[in-house]
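In: turn this into a structure:
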Amino acid sequence: MVHTGRMTTVWFGQGVADDSEFRLCGDVQGKRTLELGVAPTPPGLAKNSVSLALAGAKAITIDASADRLADVRREAEEAGVRVECHEGDLADLGFATSGTVDLVVSSQTLDEEDDLPRLLRQVHRVLKPGAALVLAATHPVAAMFDAGSSTPTRRYGASGRSIGELVMHFERTNFHIDVMHEIAPVGQRDALVPTVLLIRARKQGV
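Out: Down below sits the predicted model:
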């Protein structure tokens, strides 16, 4: 692995443990990976697609922002790896042949996605049978609170999808959720609510 001066792991959200602890992505050496949206990783941490490339993956990323993709290209070049970048809507996966992707990752990029079922159908199409989508998103309960507040200011599900809605979307697009974690910030055992919902869902069928 090329030394980049940055930590290299798949990031799941601000202040929470990453994939070095959860190990949901598995060994990606020689595998084709796709990141949906450039995760807003903090300074000092490699972009997820660059981390996957450094781990030996044939990494791909798609994002609607040319600037974010430029950051990925620059970081990949500095690291001595290649990331295939596509600019466009996250559901526009026409560049990927059906059944050719080994792993799809989305970290904190789907909270505002309007048509999640359409996106999941496209992810299902490009994944190999049994391959996984690893999704990290704002926990629906955490979305009820303003920053620093201990009192909810919104009803459950008003600022995003409920857990029930997410599970339903996965089931209806022929995914099986085999792992679900509700993650609190590192070092906050007494945290009022979890801040990140982490899901691994595997493609069923062909």
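In: quick check: longest strand of this structure.
Out: strand 127-138 (DSSP state E).
In: packing partners for it?
Out: Where contact means 3 or more C-beta pairs under 8 Å, 6 or more residues apart in numbering; DSSP states H and E, strand 127-138 is packed against strand 101-107, strand 196-203. (C-beta placed from N, C-alpha, C; glycine too.)
In: looking at those strands, which is buried most?
Out: Most buried of those by mean neighbour count (mean count of other C-beta atoms under 10 Å) is strand 101-107; its value is a mean of 24.
In: that older thread, not counting the longest strand of the chain itself, show me its contacts.
Out: Residues from elsewhere that reach strand 127-138, judged by C-beta atoms under 8 Å, 6 or more residues apart in numbering: 10, 12-13, 19, 24-26, 99-108, 110-111, 120, 123, 160, 166, 175, 195-206.
In: one more time with 7 Å, if that's ok
Out: Identification of contacts with strand 127-138 by C-beta atoms under 7 Å, 6 or more residues apart in numbering yields 12-13, 24-25, 99-108, 110-111, 123, 160, 175, 196-203, 206.
In: same question, stretch 57-76
Out: 28, 31-38, 46-47, 49-50, 52-53, 82-90.
In: which ones among those residues map onto helices?
Out: Counting by DSSP state H, the part of these found in helices is 49-50, 52-53.
In: can you tell me the closest non-neighbouring residue to the residue of the chain positioned farthest from its centre?
Out: For the chain, the residue at maximal distance from the C-alpha centroid (C-alpha atoms, centre = their mean) is residue 151, at 28.4 Å. Take residue 151 and drop its neighbours on the chain: the residue closest to it by C-beta to C-beta, 6 or more residues apart in numbering is residue 145, 7.5 Å away.
In: so the closest residue to residue 143 other than its chain neighbours is in which element?
Out: In this structure, residue 143 finds its nearest non-sequential neighbour in residue 159, 4.2 Å apart by C-beta to C-beta, 6+ apart. Take DSSP states H and E as the rule and residue 159 turns out to sit in neither a helix nor a strand.
In: from residue 145, how far out is residue 159?
Out: Between residue 159 and residue 145 the computed distance is 10 Å (C-beta to C-beta, to the nearest Å).
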